[in-house]
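Student: I would like the atomic coordinates for the input below:
(chains A and B)
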Amino acid sequence: VKCRVCRGPAVIDIRRHNAAFCGDHFVHHCQEQVRRALKDHGMVQPGERVLVAVSGGKDSLALWDLLTDLGCAADGLYLGLGIGEYSGASGHHARAYASERGLKLHEVDLGADLGFTVPAAAAATRRAPCGACGLSKRHLFNTFALDHGYDVVATGHNLDDEAAVLLGNVLRWETGYLGRQHPVLAAAPGFARKVKPLYRVGEREMAAYCVVRGIDYQVEECPMAAGNRHLGFKEVLNALEDRSPGAKAAFFFGFLERGHPRFTEESAGERDALTPCAQCGAPTPGEVCAFCQLRARASGVPVETPLVVIPRHIEED
Amino acid sequence: MKVVLRNPRRELDVDGPITVTALLQRLELNPESVLVIAGDELVPKDARLDDATIVEIRPVISGGAGGAP
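Tutor: Below you'll find the model as predicted:
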């Protein structure tokens, strides 16, 4: 196959676009998809500071690369999850990427800074590790952004991630989650703006972007995620996509256009009802937020213990 | 040719030449779920892989903390 733009040898074909691209024009294609996402949803305004949630995997490193190339002032935050060799390798990839490109990477380590790890949290709560991981990430990225003057938290959720989450939310008719599933969640008291600039780009495209750009990312999958529900939804959707190219995009983009507006009222009401956590001040529907409760159970430290996180690699002004 | 698979890492010997599409069909892999890398180069579905090529089939699906936005 030949590149749709220059007719040179292609390196990747994207069936849902009925197109193939050479390396240079594929990178340009990805940039245009992200540029369109940023513009269509007003994700980042001129002069705003962006905090990229960096895991060391393909999506977060590609996101950081794309945002930087598009002129955004973007620093990274890496969260050490304490998942053995996997976390060690992930951190290495994140640090190497930042170091090679002269970008600023902050680090918070769950074990060293907060007294628990994701495996410990899963054991203490007897729940799936992905739940504790996601809760910790959402809380800590948001808190860090607010505490350090970042206007926006950018995450590497791609089209496949969003379609899989949507499928899960629809199967259970999680109407509150459906109202909040959007490429942009506006800032509100206690919340930084949260954006997903990769929502127009497929997972395979993000991996290909890293290969073409020479970005060395963590290829191995998280050992704690094996067999989880989210991965199962992705497999189902990829089976559909193989039979019907464009199915994932039609599902998610159709939801954004025609489904999402039907659920926003309920989720807005839920957000308005939040009050500050008695321990950390984060918005919560209860007295103590889910993260403070998780930390107390996983670390054995009483929930009343004040939370003080001193991240590394912060440059003093 | 030597074919390297990941997650878990393992190696297979496959007779070449063969196209990327045929290789993935033979291994019963969904083309949406992987990249094919020959040497250090990404290759498209119609690329012909010869016996001397070392091929990596790299999974692209990842994700743990899905769920609530």
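Student: For chain A, which segments count as strands?
Tutor: Read by DSSP state E, chain A holds these strands, from start to end of the chain: A:12-14, A:19-21, A:49-54, A:73-80, A:105-109, A:152-154, A:184-185, A:193-195, A:275-276, A:283-284.
Student: next one: chain B
Tutor: For chain B, the strands defined by DSSP E occupy B:2-5, B:10-13, B:18-19, B:34-38, B:41-42, B:48-49, B:54-59.
Student: Next, format the strands of chain A as JSON lines and append distance to chain B and mean neighbour count.
Tutor: Yep, even glycine has a C-beta here, placed from its N, CA and C like the rest. As requested, the strands of chain A are arranged in JSON lines below (distance: least, CB to the nearest CB, whole Å; neighbours: other CB atoms under 10 Å in any protein chain shown):
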{"stretch": "strand A:12-14", "distance to chain B": "5", "mean neighbour count": "21"}
{"stretch": "strand A:19-21", "distance to chain B": "6", "mean neighbour count": "22"}
{"stretch": "strand A:49-54", "distance to chain B": "11", "mean neighbour count": "25"}
{"stretch": "strand A:73-80", "distance to chain B": "11", "mean neighbour count": "23"}
{"stretch": "strand A:105-109", "distance to chain B": "16", "mean neighbour count": "20"}
{"stretch": "strand A:152-154", "distance to chain B": "12", "mean neighbour count": "26"}
{"stretch": "strand A:184-185", "distance to chain B": "7", "mean neighbour count": "19"}
{"stretch": "strand A:193-195", "distance to chain B": "8", "mean neighbour count": "24"}
{"stretch": "strand A:275-276", "distance to chain B": "19", "mean neighbour count": "14"}
{"stretch": "strand A:283-284", "distance to chain B": "14", "mean neighbour count": "18"}
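Student: Kindly provide the distance from residue B:7 to residue A:239.
Tutor: Counting by CB to CB, to the nearest Å, the gap between residue B:7 and residue A:239 amounts to 18 Å.
Student: Of the strands of chain B, give the one that comes closest to chain A.
Tutor: Nearest to chain A among the strands of chain B is strand B:41-42; the distance by CB to the nearest CB comes to 4.3 Å.
Student: what does that closest one rub up against?
Tutor: Outside strand B:41-42, the residues within contact range by CB atoms under 8 Å, 6 or more residues apart in numbering or on different chains are A:11, A:12, A:23, A:208, A:211, A:212, B:35, B:36.
Student: Return the member of those nearest to residue B:62.
Tutor: Looking at the contacts of strand B:41-42 and their distance to residue B:62, the nearest is residue B:35, at 12.6 Å (CB to CB).
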